[in-house]
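Trainee: Sequence and predicted structure, then a few things I'm wondering about:
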Amino acid sequence: MRSYEIAVVPGDGIGREVMPQALRVLDRVGAEHGFEMRFDHFDWSCETYRKTGRMMPADGIERLRDHDSILLGAVGFPGVPDHISLWGLLIPIRREFDQYVSLRPVRLLPGLTPPVRGHAPGDIDFWVVRENTEGEYSRLGGRQGEGTEHETVLQVSSFTRRATDRILRYAFDFSRTLNRNRLTLATKSNGIYHSMPYWDERFAQISAEYPDVETEKEHIDILCAKFVMRPQNFDVVVGSNLFGDILSDLGPGVTGTIGVAPSANINPERDHPSMFEPVHGSAPDIAGKGIANPIGQIWSAAMMLDHLGEAEAGAHVMRAVESVLGSDGAPSTPDIGGRAGTEDLGSAIVDAL
Ligand code: ATP
Ligand code: MG
């Protein structure tokens with residue numbers, strides 16, 4: 001029997017509530033498709049930080065390394081500054097395992113009500129590809145003249161040719177695998193002087209290798225407006241770390257809830273494990289109430305199945321999710337207009353499988 005070793009990190013808040021539902025789904029779909037999931041649990045969280053002064057042990061990365069994939073819930077909780085939870089766990093994993101692609105599908109699932117009237121399910125169906133290792137999210141820079149009238153803060157973004165080219169190539173290759181293959185570059189070369197003209201230049205250069213992929217360039221400001229007004233324009237959108245981050249929350253926002261949205265942090269060369277996590281955070285406002293929507297975590301698990309080569313099982317999970325969401329009287333969590341709990345919705349999906 002095929003077997004996969006999965007590192008499971010539920011993390012904080014609702015991460016701990018939605019993860020068990022995804023694991024049930026994985027067990028069930030594995031049984032249906034003839035493979036076994038072996039879950040290795042890592043209880044790393046802000047609680048760990050409070051007790052030990054670290055989000056994960058010093059050898060945390062080494063302990064994750066030999067797994068086929070990492071399934072993460074959410075990290076971060078009030079009381080622990082975001083830069084500690086992010087730089088203490090998420091960012092080291094992304095960088096040490098060179099997960100340089102963040103891939104997020106944006107799709108209006110049946111039964112959801114988008115906040116903008118007039119969008120039908122088929123209208124919102126595209127992918128955001130985000131550079132995940134460098135760029136605007138850097139520690140370069142600092143403060144000068146602190147406390148004086150000349151106090152100045154420098155935040156330096158750095159873009160290497162290697163990282164820029166590889167994410168663009170990934171986006172072109174990925175576009176090719178889809179039937180509809182228009183690739184849109186998120187840029188801001190009319191305002192940002194050095195880096196964005198460079199992205200435009202690399203995009204144009206690499207596009208010459210992909211004559212079959214239609215390309216388009218949009219400045220980030222108008223691109224945001226178009227995500228809301230004309231989401232049907234997009235197939236694949238590629239952007240830098242910051243632009244990709246913004247777009248990949250805006251996308252699910254346009255579908256009505258971030259509670260269902262998944263993401264993948266991928267190491268395409270497969271030298272290291274990739275990591276799959278919902279777009280949402282630990283949602284302290286609803287944590288502990290048992291009402292979080294588990295679909296973001298379950299869809300992330302489906303993306304993990306695709307990555308592991310179990311695409312049929314991944315598609316099966318998504319059919320189950322869609323059939324539950326699309327059926328009358330299905331248990332819905334409050335974020336999608338119902339009164340059911342996390343476990344009720346998880347059970348309905350397991351039953352549909
Ligand atoms: P982070 O900084 O970790 O990304 P955040 O501040 O962006 O976190 P989230 O934790 O994602 O915030 O929560 C944003 C809002 O969305 C909250 O009101 C939260 O309750 C809601 N939310 C997030 N995830 C879910 C979910 N799975 N089900 C229902 N509501 C959710
Ligand atoms: Mg967020």
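Mentor: Thanks, I have it. Ligands and ions are numbered 1, 2, ... in the order given.
Trainee: can you pull the buried residues of the worst-scoring helix or strand of the chain on mean pLDDT?
Mentor: When the helices and strands of the chain are scored by mean pLDDT, DSSP states H and E, helix 82-85 comes last with a mean of 90. Buried residues in helix 82-85, counted by 16 or more other CB atoms under 10 Å: 84, 85. For the C-beta atoms, the positions are set from N, CA and C on the backbone; glycine is no exception.
Trainee: What residue in the stretch 201-350 of the chain comes nearest to ligand 1?
Mentor: residue 281 (2.1 Å; CB to the nearest ligand atom).
Trainee: What values do phi and psi take at residue 42?
Mentor: Backbone geometry at residue 42, expressed as degrees, to the nearest 10, gives phi -120, psi 110.
Trainee: which ones are touching the residue lying closest to it once chain neighbours are set aside?
Mentor: The shortest distance from residue 42 to any non-neighbouring residue, by CB to CB, 6 or more residues apart in numbering, is to residue 9 (4.8 Å). Residue 9 makes contact with 42, 44, 70, 71, 72, 73, 75, 89 under the criterion CB atoms under 8 Å, 6 or more residues apart in numbering.
Trainee: Out of the residues you listed, which two sit at the greatest distance?
Mentor: 71 and 89 (14.0 Å; CB to CB).
Trainee: Neighbour count: the two, which is higher?
Mentor: residue 89 (26 against 23; other CB atoms under 10 Å).
Trainee: Spell out the secondary structure type for residue 284.
Mentor: coil (DSSP: H, G, I helix; E, B strand; the rest coil).
Trainee: Could you confirm residue 23 falls within a helix?
Mentor: Yes - assigned with three-state DSSP, residue 23 falls within a helix.
Trainee: ok, it touching residue 38?
Mentor: No - assessed by CB atoms under 8 Å, residue 23 is found out of contact with residue 38, at 11.2 Å.
Trainee: What residues does this structure have near ligand 1?
Mentor: By CB under 6 Å from any ligand atom, the residues of the chain that approach ligand 1 are 14, 18, 74, 76, 258-259, 280-283, 285-286, 292-293, 296, 333, 335.
Trainee: Mind checking which of these are buried?
Mentor: Here, 16+ other CB under 10 Å leaves 14, 18, 74, 76, 258-259, 280-283, 286, 292-293, 296, 333, 335 buried among these.
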